[in-house]
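> here's my sequence, what's the structure:
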Amino acid sequence: MTADLSTSNSELLDLKNRSIAFNILKREWENYKNLYQGLLEKVKRASLAANLEMDQLSLSEPAPSGKSFPNIPKNVVVAMSCGGLVGLALVFIMALHDRKFRSIKEVEDHAQLPVLSVIPLLTEGAKRDEVGCKRILSLMALKQKRLGRCELV
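Got it, this is the predicted structure:
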């Protein structure tokens, strides 16, 4: 009885090992089968593409007979027009974003207060108004004189 049991166990173990080997071989066979089917599909597509007849293709319009070159004057005009439009757009956008005060009226409107005094900006070429500059200097302390401009502390 123990001999029968040991032979049965050995046969069962042998059967399990063969079953595992069979499942591995079955999985490999399925992988190879899928690869083969994919290759057959590729070969079929390649043969269909090779068998296309040239009679099915036709020209809708013949090619122009003369040589074709870029139209340089037209391209220059288009480029200049586009550049001008982009430049005008940039100028317009910069003018919209300019927040400088251009006149005393704009300062009064913005601050909603009257302007009490104005300090003139003197340029290098302009003749200095010594009386006006002395009047300003007598009211406030002078920090520095640069190019005829009075900078106050």
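> C-alpha from now on. contacts and neighbour counts both.
Fine.
> tell me how the chain divides into domains.
Listed by automatic domain parsing, the domain ranges of the chain are 8-50, 73-113, 117-153.
> would you turn those into TSV with mean neighbour count?
What follows is the domains of the chain, written out as TSV (neighbours: other C-alpha atoms under 10 Å):
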stretch	mean neighbour count
domain 8-50	12
domain 73-113	11
domain 117-153	12
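> can you redo these as TSV with distance to residue 67 and mean pLDDT?
Converted to TSV, these look like this (distance: least, C-alpha to C-alpha, whole Å; pLDDT from 0 to 100):
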stretch	distance to residue 67	mean pLDDT
domain 8-50	34	90
domain 73-113	17	91
domain 117-153	62	49
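> show me the strands in the chain, by range?
142-146, 149-152 (DSSP state E).
> of all the domains of the chain, which lies closest to residue 59?
domain 8-50 (20.0 Å; C-alpha to C-alpha).
> chain center to the longest helix belonging to the chain: distance?
Scanning the chain for the helix with the most residues, using DSSP state H, yields helix 2-50. Centre-to-centre, helix 2-50 and its host chain are 53 Å apart (C-alpha atoms, centre = their mean, to the nearest Å).
> do stretch 82-101 as well
23 Å.
> got the contact list for that stretch?
residue 107 (C-alpha atoms under 8 Å, 6 or more residues apart in numbering).
> now it - C-alpha only, CSV.
The C-alpha coordinates for stretch 82-101 follow below in CSV (Å, rounded to 0.1, in the frame of the first residue of the first chain):
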residue,chain,number,x,y,z
CYS,A,82,2.8,93.9,-42.8
GLY,A,83,5.8,95.6,-41.1
GLY,A,84,4.1,99.0,-41.2
LEU,A,85,0.9,97.5,-39.8
VAL,A,86,2.8,95.8,-37.0
GLY,A,87,4.7,99.1,-36.3
LEU,A,88,1.4,101.1,-36.2
ALA,A,89,-0.1,98.6,-33.8
LEU,A,90,2.9,98.8,-31.5
VAL,A,91,2.8,102.6,-31.5
PHE,A,92,-0.9,102.5,-30.7
ILE,A,93,-0.5,100.0,-27.9
MET,A,94,2.4,102.0,-26.5
ALA,A,95,0.3,105.2,-26.6
LEU,A,96,-2.5,103.5,-24.8
HIS,A,97,-0.2,102.4,-22.0
ASP,A,98,1.5,105.8,-21.6
ARG,A,99,0.6,107.2,-18.2
LYS,A,100,2.6,110.5,-18.4
PHE,A,101,0.9,113.8,-17.7
